[in-house]
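A.B. asks: A predicted structure for the sequence below; I have some questions about it.
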Amino acid sequence: MDARLPAPLRPGDTIAVTAPSSGVAPALWPRLDVAITRLRRRGFEVIEGVCLRDADDHHVSASKEARADELMALLVDPDVAAVVPPWGGETGIDLLRFMDFDLLAKCEPCWYVGFSDVTTTMLPLTLRSGWATLHGQNLMDTPYAPAPGLLHWLDVATSEGGEHTQTAATHRRTEGWDDYIAEPEVDELTLTEPTRWALVGGDVADFSGPLIGGCVEVLSPLAGTPDGDVRSWAQDQDEPPIVLLEAAEGNAFEVSRALHGLRLAGWFERCAGVLIGRTPAPDAPTLTQHEAVRDALGDLDVPVVLDVDFGHQQPMMPLVLGATARVEVGPDGQRITQDLRRLLALTPRGDGNGSNYGAQP
């Protein structure tokens, strides 16, 4: 069955900002302030965690115990409607020993939003606690308007349900991220290179299932542990899931090994299809990133789609992990549709109306 979906965000709700992995150095505080201000202009209350502003420019925002305690406290707080980290990082895996996923399974879910190293904690939150999470953007991306055909994460989180269809982007960013130090208020995506999804071994595919996955470098070490047991979770679903994966920076050799490891751990044994996000990660001398995917997954008897709009290269689709998606790839278009109505029917909701992200916050 699909994971439990949080109630829609509404003006007046509280959004908490904490850094479960890497904190924000002083030089980037202006960008952090801009992102928080945009949320407040939309009518949300925003609170900052202690594990966030990192004066030491360390690779983590605080000790693993402090980061885990703060994240747990925010996730179980009934007054917190969303937890949105500034970004990912490197070693969020060190939190997992200190998180109580059994307790979280008994709590009403709130929105947990992000990608990259944030998926280290997102994955077990779905597998072990039954929460749907929102993959695709993080707090530092919040000021950007979405690319044509794509949604902003607030479009999804504030929705009262219904069907969300996102169509493949026509252009992507070729370089890294904008310079948030020089331009902390930047809110327009620079997309110059044509892009298109590619289907391994075919031209047309139409498949559906609950989404699960994240960043391959940080999730592959979880394979074979309770926090990354996608094989068992897939067996409990009403329909085979769609595995969603993207590489941050590992070269093609590293990605190939990680994908083979996930396959050996049973991630694709009961699978409706695989989505591979676009990546800025480098090729290896004798293996490209596309060849790495084909080598590890090309003989699966399910569709494998390359260069989908999520991951470490803008633009990014917000996708609800744990919820069913329909993926269509063909000459008449490339799209992903999620219908959240059946999840919302099970979610306690108060009075009020949701709102769309239409204009810049």
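C.D. replies: Received the coordinates, thanks.
A.B. asks: can you tell me which residues contact Thr324?
C.D. replies: Taking C-beta atoms under 8 Å, 6 or more residues apart in numbering as the definition of contact, the neighbours of Thr324 are 2, 208-211, 239, 338-339. All C-beta spots, glycine's among them, are computed from the backbone N, C-alpha and C.
A.B. asks: Next one, pLDDT for it please.
C.D. replies: Thr324 carries a pLDDT score of 96 in this model.
A.B. asks: What about the contacts of Thr324, which one has the most neighbours?
C.D. replies: Sorting those by how many neighbours each has (other C-beta atoms under 10 Å) puts Leu211 first, at 28 neighbours.
A.B. asks: what's the distance between it and Leu104?
C.D. replies: 19 Å (C-beta to C-beta, to the nearest Å).
A.B. asks: what's the answer for Ala247, then?
C.D. replies: Separation of Ala247 from Leu104 (C-beta to C-beta) stands at 28 Å.
A.B. asks: So which of those two has more stuff around it?
C.D. replies: Neighbours around Ala247 and Leu104, counted as other C-beta under 10 Å, are more numerous at Ala247. The numbers are 26 against 19.
A.B. asks: wait, the more buried one sits on Phe253?
C.D. replies: No. The pair formed by Ala247 and Phe253 falls short of the contact definition of C-beta atoms under 8 Å, at 11.4 Å.
A.B. asks: Return the list of helices and strands in contact with the longest strand anywhere in the chain.
C.D. replies: Here the longest strand in the chain is taken by residue count, with DSSP state E as the criterion, and it is strand 205-215. If contacts are counted by 3 or more C-beta pairs under 8 Å, 6 or more residues apart in numbering; DSSP states H and E, strand 205-215 sits against helix 119-127, helix 230-236, strand 242-246, strand 273-277, strand 319-321, strand 324-330.
A.B. asks: I'd like those as JSON lines, with distance to Gln166 appended.
C.D. replies: Listed next are these as JSON lines, based on distance: least, C-beta to C-beta, whole Å:
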{"stretch": "helix 119-127", "distance to Gln166": "19"}
{"stretch": "helix 230-236", "distance to Gln166": "24"}
{"stretch": "strand 242-246", "distance to Gln166": "13"}
{"stretch": "strand 273-277", "distance to Gln166": "12"}
{"stretch": "strand 319-321", "distance to Gln166": "8"}
{"stretch": "strand 324-330", "distance to Gln166": "10"}
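A.B. asks: To Pro6, which of the ones you listed lies closest?
C.D. replies: Taking C-beta to C-beta as the criterion, Pro6 comes closest to strand 319-321 out of those, the separation being 9.7 Å.
A.B. asks: Strand partners (parallel or antiparallel) of that closest one?
C.D. replies: Sheet pairing for strand 319-321, assigned by DSSP bridges, gives strand 133-135 (antiparallel).
A.B. asks: Can I get the helix or strand following the partner strand in CSV, CA atoms only?
C.D. replies: Sequence-wise, the next helix or strand beyond strand 133-135 is helix 153-157, with elements assigned using DSSP states H and E. Extracted C-alpha coordinates of helix 153-157, given in CSV (Å, rounded to 0.1, in the frame of the first residue of the first chain):
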residue,chain,number,x,y,z
TRP,A,153,7.7,21.5,-4.0
LEU,A,154,5.2,23.9,-2.5
ASP,A,155,2.8,23.1,-5.3
VAL,A,156,2.7,19.5,-4.1
ALA,A,157,2.9,20.2,-0.3
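A.B. asks: I would like the residues contacting helix 153-157, please.
C.D. replies: Outside of helix 153-157, the residues within contact range by C-beta under 8 Å, 6+ apart are 6, 8-9, 42, 82, 111, 113, 134, 136-137, 142, 146, 164, 318, 320, 340, 356-357, 361.
A.B. asks: Could you chop this structure up by domain?
C.D. replies: By the assignment in automatic domain parsing, the chain contains the domains 14-162, 171-339.
A.B. asks: just how off-centre is stretch 48-58 within its chain?
C.D. replies: Centroid separation between stretch 48-58 and its chain, computed with C-alpha atoms, centre = their mean, to the nearest Å, is 22 Å.
A.B. asks: ok, residues contacting that stretch?
C.D. replies: 16-20, 22-26, 29, 32, 36, 60-62, 66-67, 70-71, 74, 86.
A.B. asks: could you give me the average pLDDT of it?
C.D. replies: On average, the pLDDT along stretch 48-58 is 89.
A.B. asks: going forward, begin numbering at 2 instead of 1
C.D. replies: Will do, 2 is the new start, and the previous item becomes stretch 49-59.
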